[in-house]
Structures are given as structure tokens and as C-alpha cells.
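[1] Would you be able to build a 3D model of this:
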Amino acid sequence: MAKPKNIPLRISRRTADGGFTLLELMIVITIILILAAIGAGRYDLAVIRAHEAALTQDLAEMNKAIQNYTVDKEAAPTSLDDLVQAQYLGRIPEDPMTGARDWTADACDTLLSVDQTGTGICSVHSSSAKVSPFTNTPYSSW
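    Model (predicted):
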């Protein structure tokens, strides 16, 4: 059987070593950069959500400790240090939004029980001026 003469031989674009062309490498690097940018944005949101969850938990624990102290001692604490000294809190936690122990304590004149003799701190809030990107409320109002 005779070999057809009009069929061209295929010439590979790859070198004999089997390397990649510059265009192929640029496409792969571009895809990797796009995926990294998407991942970095989602990571930032995850960090903010984690800080907000920690803030919510810390506020709930401190406000509960204030209420327990007030009911037990029949007087509200005058500072957050009173809660630590009376062992209602192990220590004052850091505000996740500011990174410091600089909570804003609200003093109230209302009494929680009929047996309460003194007023003092009735709640605590974050001292951060930042606004939550998810709820559009300032952290100081939580």
C-alpha cells in the first residue's frame, strides 16, 4: 500500500522537553490570582464575623455577671473591677473591636430588685466607633 503524499505531518508546539508555553503559564497564573483575591475577601468577612460573635458573647457574659452581682449583693457594681474582685468574672475580656479592655459602662438609677440598696453599672457596651458591615449598626449600641 502506498503512503498518501498530501497529508502534512503534525508539528507539536511543545518543545522536546515537554515544557509549557508562556501563554499557558500566564493563563494559569491569572486564574490563581483571581481565586486568591476572592479568597482574601471572604477571609476578611470571616474575621469580622468572628470578632462580632466574640463581642456578642463577651457582652452577654458581662451583662449577666452585672445582673447576678446586683441581685446577690443587693447593690450594683460601681466598676467592672468589682465583678472580677467578687469572682463573677475571671478577668475583664478585651473588646474584640478595639483590642483593649476599654468597655463603656452604663450607670443606671433603676433598681433590679426591691432589695437593692445601691445603684451603679447596669450594662456594658463596646467603646468602638466602628459600624458592623452586616447590620449597619455601631458596635457601641450592642
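[2] C-alpha only now, for contacts and for neighbours.
    Will do.
[3] Next one: Arg42 from Ala75, what distance?
    Arg42 is 46 Å from Ala75, where distance means C-alpha to C-alpha, to the nearest Å.
[4] Look at the two and report which has more neighbours.
    Shown here are Arg42 and Ala75; by other C-alpha atoms under 10 Å, Ala75 has more neighbours (21 against 11).
[5] Quick check: closest non-adjacent residue to the more buried one.
    In space, Ala75 comes closest to Gly118 once its chain neighbours are excluded; the distance is 4.5 Å by C-alpha to C-alpha, 6 or more residues apart in numbering.
[6] The one you found touches Glu74, doesn't it?
    Yes. If you go by C-alpha atoms under 8 Å, Gly118 and Glu74 touch, sitting 7.1 Å apart.
[7] Can you show me the strands along this structure?
    Along the chain, the stretches classed as strands by DSSP state E are 104-108, 120-125.
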